[in-house]
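Participant: take a look and give me a structure for this.
(3 chains)
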Amino acid sequence: MKPCTPTCVDLSSECDPRDLEKFQSVVRKRVAANARERKRMQGLNTAFDQLRKVVPQWGQDKKLSKYETLQMALSYIMALNRILSDSSRNSAPHRQWLDLQYDSLQSESYPCIVKYSSPTENERMYTSFSCHYEDFQVLT
DNA sequence: TAGGCCATCTGGTCCT
DNA sequence: AGGACCAGATGGCCTA
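Facilitator: So this is what the prediction gives:
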């Protein structure tokens, strides 16, 4: 898995000490850069995990890939945006608001997600959206 | 076994 | 000079 790094090479026996020192400095910098890059990528993955938690994921027991997460977030934001602009035009009650969300979230908006149409799945979706609706209300 | 997804390493570029 | 960011390469793991 790990490609061979310069640390694999043993130069200690035949190198000029100054070259060796220079080489070791390069290796130290490379190792430090690798660690920083790992940390950066871990931060990025944490952000993806946080995004997965707030993005709808019904009927999907498998974790969304990074690409799917971004696609879903995009679609979700677009849908909420549409809901917001629609609801500002006519003040719909809660259930109508949810129905509106359902209309906005058809499968063509979520190409990465399998669409489930059973009452159970719809109910789960309403529950999920109720939660988001509360958050939405707090924010606005 | 092939393909998808991912973590890691690496070198390059840009910014402070 | 050092750090952040990026993209390509590579190899491991998992699933159909």
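Participant: which helices and strands sit right next to the longest helix along chain A?
Facilitator: Scanning chain A for the longest helix, with DSSP state H as the assignment, gives helix A:17-54. Helix A:17-54 sits against helix A:66-89, with contacts defined as 3 or more CB pairs under 8 Å, 6 or more residues apart in numbering; DSSP states H and E. Every C-beta, even on glycine, is put in place using the N, C-alpha and C of the backbone.
Participant: list the buried ones in the helix it packs on?
Facilitator: Buried residues in helix A:66-89, counted by 16 or more other CB atoms under 10 Å: A:Glu68, A:Thr69, A:Gln71, A:Met72, A:Ala73, A:Ser75, A:Tyr76, A:Ala79, A:Arg82, A:Ile83, A:Asp86, A:Ser87.
Participant: so does that helix get close to DNA strand C?
Facilitator: No: applying CB under 7 Å from any atom of the strand, one finds helix A:66-89 separated from DNA strand C by no less than 12.5 Å.
Participant: report the angle between that helix and helix A:17-54.
Facilitator: 40 degrees (axes from the mean of the first three to the mean of the last three CA atoms, to 10 degrees).
Participant: and helix A:66-89, average pLDDT?
Facilitator: For helix A:66-89, mean pLDDT is 89.
Participant: can it be found next to DNA strand B?
Facilitator: Yes: Helix A:66-89 lies within reach of DNA strand B by CB under 7 Å from any atom of the strand, at A:Lys66, A:Tyr67, A:Glu68.
Participant: put the alpha carbons of that helix into PDB.
Facilitator: Taking C-alpha atoms only, helix A:66-89 is exported to PDB below (Å, rounded to 0.1, in the frame of the first residue of the first chain):
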ATOM      1  CA  LYS A  66     -18.200  11.500  -1.100                       C
ATOM      2  CA  TYR A  67     -19.400  12.200  -4.600                       C
ATOM      3  CA  GLU A  68     -23.000  11.100  -3.700                       C
ATOM      4  CA  THR A  69     -22.900  13.200  -0.600                       C
ATOM      5  CA  LEU A  70     -22.000  16.300  -2.600                       C
ATOM      6  CA  GLN A  71     -24.700  15.500  -5.200                       C
ATOM      7  CA  MET A  72     -27.200  15.000  -2.500                       C
ATOM      8  CA  ALA A  73     -26.300  18.200  -0.600                       C
ATOM      9  CA  LEU A  74     -26.600  20.100  -3.900                       C
ATOM     10  CA  SER A  75     -30.000  18.700  -4.600                       C
ATOM     11  CA  TYR A  76     -31.100  19.200  -1.000                       C
ATOM     12  CA  ILE A  77     -30.100  22.800  -1.000                       C
ATOM     13  CA  MET A  78     -31.900  23.400  -4.300                       C
ATOM     14  CA  ALA A  79     -35.000  21.700  -3.000                       C
ATOM     15  CA  LEU A  80     -35.000  23.700   0.300                       C
ATOM     16  CA  ASN A  81     -34.400  26.900  -1.700                       C
ATOM     17  CA  ARG A  82     -37.400  26.100  -3.800                       C
ATOM     18  CA  ILE A  83     -39.500  25.300  -0.800                       C
ATOM     19  CA  LEU A  84     -38.500  28.600   0.800                       C
ATOM     20  CA  SER A  85     -39.400  30.700  -2.200                       C
ATOM     21  CA  ASP A  86     -42.700  28.800  -2.600                       C
ATOM     22  CA  SER A  87     -43.700  29.100   1.000                       C
ATOM     23  CA  SER A  88     -42.900  32.800   1.100                       C
ATOM     24  CA  ARG A  89     -45.500  33.300  -1.600                       C
END
